[in-house]
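>>> Below is the sequence, then the predicted model.
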Amino acid sequence: MQLRLDARPITIVPAGVKLWALAWLQFGDVDVQAVVQVMRWTADAVGVQLDVDGETLRCWLWQGACQRLENRTDAW
């Protein structure tokens with residue numbers, strides 16, 4: 001409900017294009033900074049995915065929690 005995905009435009013990354021970002025994620029009480037693949041976005045939020053131990057996790061983040069990277073390895 002917060003993102004209002006039913007009422008706002010969503011930009012979807014075209015197939016074959018990979019966009020990367022450095023993002024802050026929270027797992028329980030632990031904050032983690034990770035490189036994520038950007039899959040879609042709105043004016044306020046970014047839909048991302050990342051692989052953890054062979055499992056693909058997907059979530060929405062507020063724009064302020066994400067910083068775009070030119071290359072996946074630029075964060076480190």
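Right, received. Where do you want to start?
>>> Please count neighbours and contacts with C-alpha atoms only from this point.
Will do.
>>> measure residue 44 to residue 15 for me?
22 Å (Cα to Cα, to the nearest Å).
>>> Break down this structure into its strands, ranges please.
11-12, 19-27, 30-41, 45-52, 55-62, 66-69 (DSSP state E).
>>> and the ones you listed as TSV, adding mean neighbour count and distance to residue 4?
Formatted as TSV, these follow (neighbours: other Cα atoms under 10 Å; distance: least, Cα to Cα, whole Å):
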stretch	mean neighbour count	distance to residue 4
strand 11-12	12	14
strand 19-27	18	21
strand 30-41	17	12
strand 45-52	17	10
strand 55-62	13	12
strand 66-69	18	19
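>>> Looking at residue 44 and residue 15, which has the bigger crowd around it?
More crowded of residue 44 and residue 15, by other Cα atoms under 10 Å: residue 44, with 12 against 7.
>>> Check the contact between that one and residue 62; I expect there is one.
Yes - applying Cα atoms under 8 Å, one finds residue 44 in contact with residue 62, separated by 6.0 Å.
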